[in-house]
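> Structure for this input, please:
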Amino acid sequence: MATVILLRHGRTNANAAGLLAGRAAGISLDQIGIDQAARAGDRLAAVPLVAVVSSPLERCRQTARFVLERQAGNPYAPVEPDLIECDYGQWQGRTLEDLATEKLWSVVQSQPSAVTFPGGESLAAMQARSVAAIRRHDAALEAEHGPGAVWAAVSHGDLIKAILADALGMHLDLFQRINVGPASVSIVRYGATRPTVHATNTDAGDLAWLANNIPSGDAPVGGGAGQEAPRTSGA
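Numbers count the residues shown, from 1 in each chain. Next up, the predicted model:
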């Protein structure tokens with residue numbers, strides 16, 4: 001299958017203030033978030049992306065633009081409603097400090113599969129829709145561009161954690177063990193028999209090796225030789 005780069009949006013004014021933004025309008029990148037998104041775009045400039053698929057929320061579309069502006073080609077750039085932030089219902093707009101006093105907070109931490117936010121969405125439903133969206137786009141882009149295709153999905157922290165948990169074969173109740181920072185890059189390839197997670201939560205490092213076709217099939221015993229970045233003309 002194709003390879004998907006999972007990119008979280010950069011830091012927002014709500015992140016900086018400790019607010020749970022959810023799906024609220026008017027939440028945009030702050031200056032630190034802009035710098036983070038620009039660095040992510042620079043990292044991905046060496047990777048010819050066939051698509052940059054974004055959550056409809058402004059902070060993700062802003063982050064996606066930094067990636068698109070640095071691409072030499074003209075990637076397909078749709079908005080995907082199923083990559084939108086979790087619907088936190090009555091929790092939306094409250095501070096994390098305040099939410100930590102709620103009884104439901106401890107369930108979110110220890111048994112997220114049992115959580116439905118008051119007036120909102122369950123974390124299980126969030127995982128189901130986001131994983132289905134990623135797999136749907138991945139299959140369609142591979143069918144159009146071949147198994148060497150690389151694409152990016154720009155979304156939100158909890159969604160990316162849930163997608164990674166699914167790819168790692170982890171129960172949703174363990175997804176809080178995964179960290180996904182602002183503008184971080186995680187990499188998944190959906191093979192014929194199972195997904196392979198190539199990276200999680202990276203915010204630095206060369207990604208030029210993604211321009212090569214990542215081999216699929218059995219995992220190499222002993223870990224293999226790793227990926228080699230494409231040679232430059234001066235090498």
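> which residues in the chain form helices?
Assigned by DSSP state H, the helices in the chain fall at 13-17, 31-44, 58-69, 96-99, 103-110, 123-145, 157-167.
> ok, H156 - contacts?
R8, H9, S55, L57, C60, L83, I84, E85, C86 (Cβ atoms under 8 Å, 6 or more residues apart in numbering). The C-beta positions use only the backbone N, C-alpha and C, and glycine is treated the same way.
> Number of residues surrounding the third one?
Spelled out, it's S55. 26 (other Cβ atoms under 10 Å).
> burial count for N212?
Using other Cβ under 10 Å, N212 is surrounded by 13 other residues.
> per-residue pLDDT, it?
You'll see N212 listed with a pLDDT of 79.
> And V131, how far from A165?
For V131, the distance to A165 equals 9 Å [Cβ to Cβ, to the nearest Å].
> And for G41?
26 Å.
> before we move on, what about L123?
Distance from L123 to A165, by Cβ to Cβ: 10 Å.
> These two: which is more packed in?
Higher neighbour count among L123 and A165: L123, with 24 against 21, using other Cβ under 10 Å.
> so the more buried one sits right up against V107, yeah?
No. The criterion here is Cβ atoms under 8 Å, and L123 misses it with V107 at 9.8 Å.
> Would you confirm that V4 contacts V185?
No. With contacts counted by Cβ under 8 Å, V4 stays clear of V185, the gap being 10.7 Å.
> Return every residue with contacts to both of L123 and A165.
L172.
> Looking at the contacts of H156, state which has the most neighbours.
H9 (31 neighbours).
> any idea of the pLDDT on it?
98.
> Same question for Y76.
In this prediction Y76 is given a pLDDT of 97.
> Provide a list of residues in contact with it.
Counted by Cβ under 8 Å, 6+ apart, Y76 has contacts V50, A51, V52, V53, L141.
> hmm, try it at 7 Å
Neighbouring residues of Y76 by Cβ atoms under 7 Å, 6 or more residues apart in numbering: V50, A51.
> cool, R59 as well?
Counting by Cβ under 7 Å, 6+ apart, R59 has contacts H9, T12, I27, S28, L29.
> Same question for A114.
Contact analysis of A114 by Cβ under 7 Å, 6+ apart lists V107.
> Tell me how far the closest residue to R129 other than its chain neighbours lies from S155.
Closest residue in space to R129, ignoring its immediate chain neighbours: D82 at 4.5 Å, by Cβ to Cβ, 6 or more residues apart in numbering. D82 is 10 Å from S155, where distance means Cβ to Cβ.
> quick one: which of these two has more around it?
S155 (30 against 18).
> in the sheet, who's paired with the more buried one?
On the basis of DSSP bridges, S155 is bridged to R8.
> Surely it is in contact with C60?
Yes. With contact defined as Cβ atoms under 7 Å, S155 counts as touching C60 (6.2 Å).
> Work out the gap between stretch 177-187 and the centre of the chain.
7 Å (Cα atoms, centre = their mean, to the nearest Å).
> what's the angle from the longest strand anywhere in the chain to helix 123-145?
Ordering each strand of the chain by length in residues (DSSP state E) puts strand 195-202 first. Relative orientation of strand 195-202 versus helix 123-145 (axes from the mean of the first three to the mean of the last three Cα atoms, to 10 degrees): 110 degrees.
> now for strand 195-202, which elements pack on it?
Applying 3 or more Cβ pairs under 7 Å, 6 or more residues apart in numbering; DSSP states H and E, we find strand 195-202 packed against helix 157-167, strand 185-190.
> now the angle from that strand to strand 185-190?
Angle between the axes of strand 195-202 and strand 185-190 is 180 degrees (criterion: the same axes, to 10 degrees).
> Understood, closing this out.
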